[in-house]
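**Student:** Show me how the following folds:
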Amino acid sequence: MKTLIIGGVAGGASCAARLRRLDEKAEIVILERGEFISFANCGLPYYIGGEITEKSNLTLQTPESFKARFNIEVRTFSEAVAIDTENKTVTIRDLKTGEEYAERYDSLVLSPGASPIRPSIEGIDSDKVFTLRNIPDTLKIKQYIEKNHPKTAVVVGGGYIGVEMAENLAKAGLKVAIVELADHLIAPLDFDMAADVHRYIKANGIYLHLNNGVRAINGNTVILQNGEISTDMIIMSVGVRPDTAFIKSAGIKTNERGSIIVNENMQTSAPDVYAVGDAVTVKNFVTGEPSFIPLAGPANKQGRIAADNICGIPSEYKGTQGSSVLKLFDMTVATTGLNEKGATAAGYDYDKTYTYSASHASYYPEASMMSVKVLWDKVTHKILGAQIVGFDGVDKRMDVIATAIRLGAKVTDLAELELCYAPPFGSAKDPVNMVGFVAENVITDKIGQFFWHDVEKLPRDGSITLLDTRTNTEVARGKIDGFMHIPLDSLRERMGEIPTGKPVYVHCHSGLRSYIACRILAGNGFKCYNLAGGWRLYESVINERTVPEYICTECK
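**Tutor:** Next up, the predicted model:
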């Protein structure tokens with residue numbers, strides 16, 4: 001049996017190694033258009049920023065090591081230019097000589113990945129404009145910085161790669177601005193969770209131009225839809241598209257985006273042809289709908305599943321839920337499943353919680369706070385998605401919630417999880433447990449909720465009572481108009497100041513003390529609603545919506 005694999009990075013390399021482990025006698029050939037295979041593309045920004053110091057550390061395998069360990073032939077600088085699925089051949093161009101030849105296969109695996117989008121704008125071909133997909137792209141950026149000593153850079157696109165590049169360019173000593181068409185960075189986040197990210201990234205010297213796009217590039221000037229920026233170099237990071245143009249004549253089905261359509265066995269519409277990685281459609285694990293979610297972890301799993309099926313072992317890919325994590329200086333941002341935009345588009349009737357918890361026992365040194373948002377289906381109570389922004393311990397909490405989603409857990413199940421605890425690592429009531437506790441209180445109607453986006457619409461005509469239960473010191477730092485102030489610890493003796501027969505809308509700093517206030521009020525006959533996420537979340541979001549953009553005056 002002979003298997004050709006087009007593309008030798010995550011999905012292709014994983015498939016090849018699995019094939020060899022399953023069949024020692026199989027003939028396996030990897031075709032790679034570039035020079036490198038099995039490289040750490042997620043680590044590329046960190047080489048530019050100096051976190052990874054050795055170029056060799058970016059390469060996980062070489063053609064020689066693949067041959068030695070797995071007896072797999074790797075042909076670099078070999079581009080697949082056409083596929084004949086009827087005769088089971090691939091036309092290959094040797095990029096060093098320009099010669100073309102045909103190669104037969106019994107099974108074919110397509111793993112071409114996705115390429116950065118280069119928008120059709122004036123000046124996009126400038127030698128100051130870069131994209132980041134592979135090691136040569138990385139070296140090109142690194143060499144440009146070392147040779148030209150740029151002082152400023154513009155990153156166009158505020159997704160994961162764009163934000164990582166911004167951080168690492170800043171660490172390389174450049175003044176960096178991010179231009180993002182949307183109103184917030186990192187699309188999987190909702191705006192309210194991105195607000196903390198905006199505040200932090202600006203505090204670290206990176207300038208933001210949100211709700212803005214690039215119209216043209218003219219020399220050292222980036223002309224925006226609103227304004228312009230002078231810069232020494234530009235990184236385009238506006239997304240990727242499947243690199244599948246070469247399969248168009250093969251009759252293999254793709255969608256309108258160009259993603260290869262596969263079934264749960266990673267099989268394409270052509271016999272004995274499989275596809276994996278960033279070039280394929282996947283089933284969104286939460287919604288069940290076809291999606292484009294290019295991530296390294298799923299690509300590796302898909303490669304393994306394709307290999308199993310080639311070798312006659314039934315294996316299915318159950319879908320991608322989009323679990324991802326981002327390092328931003330010392331901050332960690334993690335997401336899984338659906339955000340509010342995705343849940344609304346999918347037609348879910350959902351509810352949500354916001355919690356604000358310490359990374360470990362607060363009395364143990366260096367505890368830091370994390371902001372946690374979780375969505376769940378109001379009918380089934382199944383978790384739909386989560387977002388966490390914080391510092392220490394964010395990744396492990398998100399991994400727990402991502403696992404819970406994968407296993408079909410209800411949000412209330414989080415309250416029952418028995419998680420590891422010692423003061424340096426967590427709390428007896430872990431942040432994940434706290435999500436379950438809060439959701440259980442909401443679902444069982446022990447507490448009503450209102451949200452930051454409801455505050456402005458609350459009537460100030462006396463028909464309801466608005467109550468702030470923070471301390472005097474906290475209130476002195478800022479308050480919401482129209483809220484009367486009674487500190488939590490004074491609430492029982494000052495109960496007579498609260499009008500009876502009217503609902504009470506309460507807030508504190510994070511939502512915990514105001515929950516206690518609501519339970520006190522409920523025990524005295526009041527109907528009470530708690531501001532989810534508290535003043536802290538409200539102030540963060542409103543500040544981002546009202547404070548002018550953090551625009552680089554030096555870059556104008």
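
**Student:** all helices in the stretch 351-500 of the chain, in order from the N-terminus.
**Tutor:** Here the stretch 351-500 of the chain has its helices, by DSSP state H, counting those that start in this stretch, at 394-406, 431-443, 472-476.

**Student:** Kindly compare burial across those and name the winner.
**Tutor:** Among the helices of the stretch 351-500 of the chain, helix 431-443 has the highest mean neighbour count (mean count of other CB atoms under 10 Å), at a mean of 23. For the C-beta atoms, the positions are set from N, CA and C on the backbone; glycine is no exception.

**Student:** low pLDDT regions in this structure?
**Tutor:** Scanning the chain with the threshold set as pLDDT under 70 gives 546-556.

**Student:** That one: helices as residue ranges?
**Tutor:** 10-22, 44-49, 63-70, 135-148, 160-171, 191-203, 296-310, 340-345, 394-406, 431-443, 472-476, 512-522, 534-546 (DSSP state H).

**Student:** can you redo these as a markdown table with distance to T231?
**Tutor:** Converted to a markdown table, the helices of the chain look like this (distance: least, CB to CB, whole Å):
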| stretch | distance to T231 |
| --- | --- |
| helix 10-22 | 32 |
| helix 44-49 | 16 |
| helix 63-70 | 38 |
| helix 135-148 | 12 |
| helix 160-171 | 11 |
| helix 191-203 | 18 |
| helix 296-310 | 30 |
| helix 340-345 | 31 |
| helix 394-406 | 32 |
| helix 431-443 | 40 |
| helix 472-476 | 41 |
| helix 512-522 | 45 |
| helix 534-546 | 24 |
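
**Student:** mind checking which of the ones you listed is nearest E366?
**Tutor:** Distance to E366, taken as CB to CB, is lowest for helix 394-406 among the helices of the chain, at 14.6 Å.

**Student:** How much space separates F329 from I52?
**Tutor:** 16 Å (CB to CB, to the nearest Å).

**Student:** nearest to R460, of the helices of the chain?
**Tutor:** helix 534-546 (16.0 Å).

**Student:** what about F329 and I52, which has more around it?
**Tutor:** It is I52, of F329 and I52, that has more neighbours when counted by other CB atoms under 10 Å, with 18 against 15.

**Student:** what's near enough to touch the residue nearest to that one when sequence neighbours are not counted?
**Tutor:** Using CB to CB, 6 or more residues apart in numbering and skipping residues adjacent in sequence, the residue nearest I52 is Y46, 4.6 Å away. Residues in contact with Y46 (CB atoms under 8 Å, 6 or more residues apart in numbering) are I52, E164, N168.

**Student:** same question, K151
**Tutor:** Shown in contact with K151 (CB under 8 Å, 6+ apart): L174, K175, D232.

**Student:** and of those residues, the nearest to E264?
**Tutor:** L174 (45.2 Å).

**Student:** Just give me the residue right at the centre of the chain.
**Tutor:** S324 (4.6 Å; CA atoms, centre = their mean).

**Student:** and that residue, what are its bridge partners?
**Tutor:** When assigned by DSSP bridges, S324 has beta-bridge partners T335.

**Student:** thought it was touching T332?
**Tutor:** No. Judged on CB atoms under 8 Å, S324 makes no contact with T332 at a distance of 11.3 Å.

**Student:** Rebuild the contacts of Y46 as CSV, extending it with distance to A279.
**Tutor:** Below are these laid out as CSV (distance: CB to CB, whole Å):
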residue, distance to A279
I52, 26
E164, 22
N168, 26
